[in-house]
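got a sequence here, can you build the structure:
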Amino acid sequence: MIYFAHRGASARRVQNTLEAFRLARRLGASCYELDVHLTQDGQLVVHHDYSLLATAGKDVKIGELSWAELCRCALQNRFNETPAFVPRLQDVLPVVAPKLELLNIELKNDANCYPGLEEKLLNLLAAEYEELLPKTLFSSFDYDTLLRIRQLNKNARIGLLTRSFDVSKALALQAESVHLNYTRFTPQLAEACHQNGLKIYLYTVNDVSLAKRLQQEGADGIFTDCIDWFVSEH
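Reported below is the predicted structural model:
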């Protein structure tokens, strides 16, 4: 069973921030999940939503801001008084690299709103973090985004993030895994995945007993906000 630190240790620190990933590593994480966007001036940054409305109280999209402007947008922090900001991917990668087993990068690129995102991401990894590329799993809800990843890198590891399981789409991508909300999971889905050589990873599971049941029913991994509850069990 694989346990991904979902956006870092996001039950204890502001999600997708450097401190969330630092804490996840201190707690024993070796697998992580994060989300990537592009700023207006082409910086790869780690944040979940396209907008800063829910996280910083600013009704503006990340793609409309330069990196310098984004650096002035403090994120809401309910955990402590430490200022929190959206980090660049290149600053997160050294945090998660030690003892890394698997890094799931979710590309936020619906309708190709960030043209060139896939190429820029692959180029960054190849040029500066080559050792992490074989340990990186690329996922997205946007199927065309994953197609572009596959076209750019025939060896890229791909996870089909979906709300409606379709094994033919996963196989067409040469994906290695399917990622689903755990509420859509069934043992039959797990069996269909395994029969086709696919792993099945479920989000977001913050209950140990639930995780154990899902594992018994065929799940291969979970994404969790409470990574410390699971790495001690591993």
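
for the chain, which spans come out with low pLDDT?
Along the chain, segments meeting pLDDT under 70 span 232-234.

show me where it has its strands.
For the chain, the strands defined by DSSP state E occupy 2-6, 31-38, 44-46, 51-52, 58-61, 102-107, 136-140, 157-161, 177-181, 199-203, 221-224.

got these as JSON lines, with distance to residue 188 and mean neighbour count columns?
From N, CA and C alone the C-beta is placed, and that goes for glycine too. Converted to JSON lines, the strands of the chain look like this (distance: least, Cβ to Cβ, whole Å; neighbours: other Cβ atoms under 10 Å):
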{"stretch": "strand 2-6", "distance to residue 188": "21", "mean neighbour count": "26"}
{"stretch": "strand 31-38", "distance to residue 188": "25", "mean neighbour count": "24"}
{"stretch": "strand 44-46", "distance to residue 188": "35", "mean neighbour count": "24"}
{"stretch": "strand 51-52", "distance to residue 188": "37", "mean neighbour count": "18"}
{"stretch": "strand 58-61", "distance to residue 188": "39", "mean neighbour count": "13"}
{"stretch": "strand 102-107", "distance to residue 188": "24", "mean neighbour count": "23"}
{"stretch": "strand 136-140", "distance to residue 188": "22", "mean neighbour count": "23"}
{"stretch": "strand 157-161", "distance to residue 188": "17", "mean neighbour count": "23"}
{"stretch": "strand 177-181", "distance to residue 188": "12", "mean neighbour count": "22"}
{"stretch": "strand 199-203", "distance to residue 188": "11", "mean neighbour count": "23"}
{"stretch": "strand 221-224", "distance to residue 188": "18", "mean neighbour count": "25"}
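
redo the ones you listed as CSV? Include distance to residue 121.
Below are the strands of the chain laid out as CSV (distance: least, Cβ to Cβ, whole Å):
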stretch, distance to residue 121
strand 2-6, 18
strand 31-38, 6
strand 44-46, 6
strand 51-52, 21
strand 58-61, 19
strand 102-107, 7
strand 136-140, 8
strand 157-161, 13
strand 177-181, 18
strand 199-203, 20
strand 221-224, 20
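
so how far is the biggest helix by length in the chain from its chain's centroid?
Of all segments of type helix in the chain, defined using DSSP state H, the longest is helix 117-128. The chain centroid and the centroid of helix 117-128 are separated by 16 Å under Cα atoms, centre = their mean, to the nearest Å.

how about stretch 221-233?
Using Cα atoms, centre = their mean, the offset of stretch 221-233 from its chain centre is 15 Å.

distance of residue 25 from residue 134?
Computed as Cβ to Cβ, to the nearest Å, the residue 25 to residue 134 distance reads 19 Å.

restricting to C-alpha, output stretch 183-199 in PDB.
Provided in PDB are the C-alpha atoms of stretch 183-199 (Å, rounded to 0.1, in the frame of the first residue of the first chain):
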ATOM      1  CA  THR A 183     -16.300   7.100  -2.900                       C
ATOM      2  CA  ARG A 184     -16.300   5.900  -6.500                       C
ATOM      3  CA  PHE A 185     -14.200   2.900  -5.700                       C
ATOM      4  CA  THR A 186     -15.400  -0.700  -5.900                       C
ATOM      5  CA  PRO A 187     -13.600  -4.100  -5.700                       C
ATOM      6  CA  GLN A 188     -14.800  -4.700  -9.200                       C
ATOM      7  CA  LEU A 189     -12.900  -1.500 -10.400                       C
ATOM      8  CA  ALA A 190      -9.800  -2.700  -8.600                       C
ATOM      9  CA  GLU A 191     -10.100  -6.100 -10.300                       C
ATOM     10  CA  ALA A 192     -10.500  -4.400 -13.800                       C
ATOM     11  CA  CYS A 193      -7.500  -2.300 -13.200                       C
ATOM     12  CA  HIS A 194      -5.300  -5.200 -12.000                       C
ATOM     13  CA  GLN A 195      -6.400  -7.400 -14.900                       C
ATOM     14  CA  ASN A 196      -5.000  -4.700 -17.200                       C
ATOM     15  CA  GLY A 197      -1.800  -4.100 -15.300                       C
ATOM     16  CA  LEU A 198      -3.000  -0.900 -13.700                       C
ATOM     17  CA  LYS A 199      -2.600   0.300 -10.100                       C
END
